[in-house]
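Engineer: quick one: sequence plus predicted model below, questions after.
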Amino acid sequence: MNPLVQLAAEAEVENPLIPPIPELVIGLIAFVIVFGFLAKKLLPNINKVLEERREAIEGGIEKADAAQTEAQSVLEQYKAQLAEARHEAARLRQEAQEQGVVILQEMRAEGQRQREEIIAAGHAQIEADRKAAASALRQDVGKLATDLAGKLVGESLEDHARQSGTVDRFLDELEAKAEAVR
């Protein structure tokens, strides 16, 4: 026989890819036992762990959504408070400006009033001083005029009534001349 044919016949009988039947049965039984053990013991634990992870992930997402919603509401509250604070600050600034204008007007009015009081007091003082000076001057001029008149006339004008009348007449004539000049 041909050696190639003989090799092909032997190769057909002992195919290394197909195991012998008893080994195949033992392997299949071992596989079923291992698979059964895994299905009974390990698979529920795996499913339990996967379910816990899924719940944790879903809970985390829900918590994150809740936290995001809360953060958004807090942000809106802060924005509202900030807007309110800005509005309040603007209102206070406006009130301060208005009060400043009012205070400034009051101070100007008070200054004007004090100025007018000072001017009035000054005019009153000047008038009082003028009258006092005029009275003192009238007496001094009267005394000098009577002395001079007495020397000119040659008689004494010591009589008070006569002296007063002469002085008054003389001063009235001087005032009339002074007013005529003005």
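Structural biologist: Thanks, I have the structure now.
Engineer: contacts, neighbours, all on C-alpha from now
Structural biologist: OK.
Engineer: any weak-confidence spans in this protein?
Structural biologist: Residue ranges of the chain with pLDDT under 70: 1-16, 149-150, 153-167, 182.
Engineer: quick one, strands of it?
Structural biologist: Taking DSSP state E, the chain contains no strands at all.
Engineer: in it, which residue is closest to the centre?
Structural biologist: residue 89 (4.7 Å; CA atoms, centre = their mean).
Engineer: measure it to residue 120 for me?
Structural biologist: 46 Å (CA to CA, to the nearest Å).
Engineer: how about residue 21?
Structural biologist: To residue 120, residue 21 is 140 Å away according to CA to CA.
Engineer: neighbour count for those two, which is higher?
Structural biologist: Under the neighbour definition other CA atoms under 10 Å, residue 21 and residue 120 were set side by side, and residue 120 has more, 12 against 9.
Engineer: quick one, what contacts residue 176?
Structural biologist: Residue 176 makes no contacts at all, as judged by CA atoms under 8 Å, 6 or more residues apart in numbering.
Engineer: and residue 23, how many neighbours?
Structural biologist: 10.
Engineer: repeat that for residue 145.
Structural biologist: Other residues close to residue 145 by other CA under 10 Å number 19.
Engineer: ditto for residue 142
Structural biologist: So residue 142, with other CA under 10 Å, has 20 neighbours.
Engineer: quick one: it from residue 61, how far?
Structural biologist: Using CA to CA, we find residue 142 at a distance of 117 Å from residue 61.
Engineer: same check, this time on residue 22
Structural biologist: Applying CA to CA, the value for residue 22 to residue 61 is 54 Å.
Engineer: and the two? which has more neighbours close in?
Structural biologist: residue 61 (12 against 9).
Engineer: looking at the chain, which helix is longest?
Structural biologist: If you go by DSSP state H, the chain has its longest helix at helix 43-153.
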